[in-house]
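> sequence first, then the predicted structure, then my questions.
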Amino acid sequence: MKREKFWMILGSFGLAIILTVSLLGASAEAQAQKSGQKLTWVFATNPGPAANTWSFYPYPRFQKLLEKNSGGRLVLDTKMSLFPVNEVVHAVIAGRADVGWERIPWVAGTFPQWDFALPFLWDNVFEYEAFLNDPRMVEIERKAYAEKGLVKLADIPSEALDGIWGKKAIATVEDFKGMKIRTSGLITTLAMKLLGASPLTIPNAEIMEALQRGTVDAIQTSRGWGLGFGLPDVCTNVSFWRFQSVFGGMLVVNKAKFDKLPADLKKIVLATGREMQGQTMFGAKIEEYEAEVGLKVSRMKVTQPVQDEINKARGIVRPAIDKWLELAGPNGKQIMSIAAEYAGGAKIMLKK
């Protein structure tokens, strides 16, 4: 009994020491910030194989903005490829990195509510920006990310993944029937199937060979990535169908780390995130314009389906939205109700 009592006392003493050290550490960090000393956060990012466009390299700009806006009090130690491309956000949640950037559709299977890359919903990235800035959406995302131990600072979108790259034009809904198209993601795959296509999943490294051998008839991806990856070398046509009408990316910080900041620095971090979001929304649109020039230079044949065909596709793939609502959880209906006020495809896709 004496031995057990001894170990109980020793355990309690050890726990008290741990708590005291933790509190002192938090106090020291806060005190350092009040005195203007520099605080360094580890910023993990991994652009992955699709890193041939500006919006896949947002971190140098954010790093400089944050350093400037904080007067040098908060700086980022950027680590590229510290974690696999779809594990960055999990590392930030676990506290293995302080800040992280990751494409949202890459983890849509884990966090479906956060992924709004829905087929034919958004006509342009500025609709998406207005939706994200709606105070109701800001609050929904604040709570959803906080539940996972995160604070979302910004959405860093890329252009829409609207290109169907192959050797023939797809001008009508009928043209999709029987087409073997490389794509990814549950909702996009479902939308393809609803139009009569046969979606396939193929690693990036095998795309060129798959096109050359006829394993697939086409590749669905963005204009900028398709050009940068060299698809014009094996394709003659690109047709624009907004299967992923926006391609978001989350810039997040570990909530426990954020909560330790003094109030003024918290405001600076959030404001810098919002500033970065606005800049990259504009940058994403610029990338689309740049891609149009690139496509002309590459002599690709570009097909823009008429609006009637786009609307016909919207009607056919409507069940994909129902599937997203099923996966997204209790906030899904409210989110789509807010989206209906901004999205160009809402009249058909959301029946608004």
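Good, I have the coordinates. Residues are numbered from 1 along each chain as shown.

> neighbours around residue 339, how many?
Number of residues near residue 339 (other Cβ atoms under 10 Å) recorded here: 25. For the C-beta atoms, the positions are set from N, CA and C on the backbone; glycine is no exception.

> which ones are touching the one residue sitting closest to the centre of the chain?
For the chain, residue 249 is the residue whose C-alpha lies nearest the centre (Cα atoms, centre = their mean; 2.3 Å). Contacts for residue 249 (Cβ atoms under 8 Å, 6 or more residues apart in numbering) come out as 55, 58, 101, 102, 103, 104, 155, 156, 157, 158.

> what's the separation between the third one and residue 328?
Summarising the geometry, the distance separating residue 101 from residue 328, computed by Cβ to Cβ, to the nearest Å, is 22 Å.

> Provide a list of residues in contact with residue 178.
Each residue near residue 178 by Cβ under 8 Å, 6+ apart is listed here: 196, 197, 198.

> low-confidence ranges in the stretch 1-150 of the chain?
For the stretch 1-150 of the chain, residues meeting the criterion pLDDT under 70 lie at 1-36, 49-58.

> give the bridge partners for the residue nearest to the centre of the chain, please.
With DSSP bridges as the criterion, residue 249 is bridged to residue 103.

> so what touches the helix or strand residue 64 falls within?
According to DSSP states H and E, residue 64 maps onto helix 59-69. Residues outside helix 59-69 that contact it (Cβ under 8 Å, 6+ apart): 43, 45, 74-76, 78, 101, 154, 251, 268-269, 271-273, 275-276, 279.

> for stretch 313-324, which positions count as buried?
By neighbour count on 16 or more other Cβ atoms under 10 Å, the buried set for stretch 313-324 is 313, 314, 316, 317, 318, 320, 321, 324.

> contacts for that stretch?
Contacts of stretch 313-324 (Cβ under 8 Å, 6+ apart): 112, 118-121, 173, 186-187, 190-191, 194-195, 241, 305, 332, 336, 345, 348-350.

> just to revisit the earlier point, buried ones from the contacts of residue 249, can you make that a PyMOL selection?
The buried residues among the contacts of residue 249 can be selected in PyMOL (16+ other Cβ under 10 Å) with this line:
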select buried, resi 55+58+101+102+103+104+155+156+157+158
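
> out of the contacts of residue 249, flag the one nearest to residue 135.
If you rank those by distance to residue 135 using Cβ to Cβ, residue 155 comes first, at 15.4 Å.

> distance of the closest one from residue 103?
Using Cβ to Cβ, residue 155 is found at 11 Å from residue 103.

> and for these two, which residues touch both?
Applying Cβ under 8 Å, 6+ apart, one finds that residue 155 and residue 103 are jointly contacted by 248, 249, 250.

> domain-wise, how is the chain divided?
38-159+247-287, 161-246+298-349 (automatic domain parsing).

> so what's residue 303 bridging to?
Judged by DSSP bridges, the bridge partners of residue 303 are residue 239.

> ok, how many other residues are close to it?
Neighbour count of residue 303, defined by other Cβ under 10 Å: 17.

> repeat for residue 174
Residue 174: 11 surrounding residues under other Cβ under 10 Å.

> likewise for residue 135?
If we define neighbours as other Cβ under 10 Å, then residue 135 has 8 of them.

> immediately after the helix or strand that contains residue 141, which helix or strand?
Using DSSP H and E, residue 141 sits in helix 135-147. Using DSSP H and E, the helix or strand that directly follows helix 135-147 along the chain is strand 150-155.

> can you add pLDDT, secondary structure and distance to residue 219 and give the buried residues of stretch 313-324 back as JSON lines?
Below are these laid out as JSON lines (pLDDT from 0 to 100; DSSP: H, G, I helix; E, B strand; the rest coil; distance: Cβ to Cβ, whole Å):
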{"residue": "313", "pLDDT": "97", "secondary structure": "helix", "distance to residue 219": "18"}
{"residue": "314", "pLDDT": "97", "secondary structure": "helix", "distance to residue 219": "22"}
{"residue": "316", "pLDDT": "97", "secondary structure": "helix", "distance to residue 219": "21"}
{"residue": "317", "pLDDT": "97", "secondary structure": "coil", "distance to residue 219": "19"}
{"residue": "318", "pLDDT": "96", "secondary structure": "helix", "distance to residue 219": "25"}
{"residue": "320", "pLDDT": "96", "secondary structure": "helix", "distance to residue 219": "20"}
{"residue": "321", "pLDDT": "96", "secondary structure": "helix", "distance to residue 219": "24"}
{"residue": "324", "pLDDT": "97", "secondary structure": "helix", "distance to residue 219": "23"}
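
> for residue 150, state which of those is nearest.
Each of the buried residues of stretch 313-324 was checked against residue 150 using Cβ to Cβ; the closest is residue 324, at 21.2 Å.
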